[in-house]
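>>> fold the following, please.
(one chain, ligands or ions: 4)
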Amino acid sequence: YQGKRGTADIVIFSGAGAGHPHQWLMVQAELRHALERDELVLHYQPKVGLPGGEVRGLEALVRWQHPQHGLLPPGEFLPAAEHSGLIVPLTEWVLRRALADQSCWTATGQDWALSVNVSARNLEVPGFPQFVLNLLAEVGTPVHRLILEVTETALVSDMDAAVRAIAQLGASGIGISVDDFGAGYTGLSQLRGLPITEIKIDRVFVADVAHDPQSQAIVRSVIELAHGLGSRVTAEGVETPEVCQWLAEVGCDEAQGYLFGRPVPWPQVSPVPVVPSTE
Ligand code: C2E
Ligand code: CA
Ligand code: CA
Ligand code: CA
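Ligands and ions are numbered 1, 2, ... in the order given. Predicted coordinates:
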């Protein structure tokens, strides 16, 4: 269970520690303090339009500025947060902070939308849709400038409460994005009847798309499916100009990935189009 940082004391933050309840408890206690002491930070990754490369929105990605361990990526503490239920206040913190950041970039003249990742556990909390709507009203942000990203696990049919929350949020005009599409359990029936505005194709399919015919077939089908459902489609994990070019040619609407920008604090996001020319 050595953490990827390779130091001995980071071990407790490894998501692989599921078999060690006391380690989970330590992470949970520390994480609770982190929320109180404001140790979490948000980085933002641009989402760009194809083929132009103009920034359309930013996705908030949480990090933990840990006093001993440095900047921890979400993979090192979100599993413990999900496990303990701390993900609920954590997401509420992220929403509040990200909406405040968005009003700052709006004040500088950028009309970028904001995407926030939401756990299925938030969606099960009664009153979550109203909480989000109240936050938007407080900050004075129009509903359509917020997109909530949910994974397919939030859509499985026995989670009626989550599905009802998504329906309510979507009906209010908030964007609903299906994250990591194709990577998990995909029951297409779950998409039916839900107010999905965006489907994000998981980067495992995007990575090889310039050369691998099977990935190409999958990505083409997801684009057709998304458009058939009236949704936009975004490719994640775009790292090369070849992949970007191919996606633009097959009609993918938006893209995200290291080619356009890594997650950074919002003032460092490059506001100019970043699609490289590929002649
Ligand atoms: P995600 O929502 O699928 O976010 C995309 C992840 O892929 C991010 O990792 C991002 O840094 C990384 N990425 C972006 N472009 C590229 C690329 O071109 N190549 C490669 N190899 N990777 C790329 P990150 O920031 O470590 O986040 C990991 C996951 O943690 C996210 O996956 C999301 O599921 C979760 N997460 C992050 N922030 C939050 C949050 O505030 N709330 C919740 N509930 N989950 C979050
Ligand atoms: Ca996401
Ligand atoms: Ca994703
Ligand atoms: Ca992903």
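>>> wait, residue 251 touches residue 226, no?
No: assessed by C-beta atoms under 8 Å, residue 251 is found out of contact with residue 226, at 9.8 Å. In this view, the C-beta of every residue, glycine as well, is placed from N, C-alpha and C.
>>> so the two - more neighbours on which side?
Of the pair residue 251 and residue 226, residue 226 is the one with more neighbours under other C-beta atoms under 10 Å, namely 25 against 13.
>>> what kind of secondary structure is residue 65 in?
strand (DSSP: H, G, I helix; E, B strand; the rest coil).
>>> let me see the contact set for it.
By C-beta atoms under 8 Å, 6 or more residues apart in numbering, the residues touching residue 65 are 39-41, 71.
>>> make a ChimeraX selection of the buried ones in those.
Filtering the contacts of residue 65 down to the buried ones (16 or more other C-beta atoms under 10 Å) takes a single ChimeraX command:
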select :39,40
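>>> and the contacts of residue 65, which is closest to residue 218?
Closest approach to residue 218 among the contacts of residue 65 (C-beta to C-beta): residue 71, at 33.8 Å.
>>> work out for me the element the closest one sits within.
strand 70-72 (DSSP states H and E).
>>> that strand - contacts with which helices or strands?
Packing contacts for strand 70-72, counted by 3 or more C-beta pairs under 8 Å, 6 or more residues apart in numbering; DSSP states H and E, involve strand 55-66.
>>> how about the strand it packs on as PDB, C-alpha atoms only?
Provided in PDB are the C-alpha atoms of strand 55-66 (Å, rounded to 0.1, in the frame of the first residue of the first chain):
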ATOM      1  CA  VAL A  55     -12.400  28.300 -24.100                       C
ATOM      2  CA  ARG A  56     -16.100  27.500 -23.400                       C
ATOM      3  CA  GLY A  57     -15.900  26.600 -19.800                       C
ATOM      4  CA  LEU A  58     -13.700  25.400 -16.900                       C
ATOM      5  CA  GLU A  59     -14.000  22.200 -14.900                       C
ATOM      6  CA  ALA A  60     -13.300  22.500 -11.200                       C
ATOM      7  CA  LEU A  61     -10.900  19.800  -9.900                       C
ATOM      8  CA  VAL A  62     -10.200  19.600  -6.200                       C
ATOM      9  CA  ARG A  63      -6.800  19.200  -4.600                       C
ATOM     10  CA  TRP A  64      -5.700  19.100  -1.000                       C
ATOM     11  CA  GLN A  65      -2.900  21.400   0.000                       C
ATOM     12  CA  HIS A  66      -1.700  19.200   2.800                       C
END
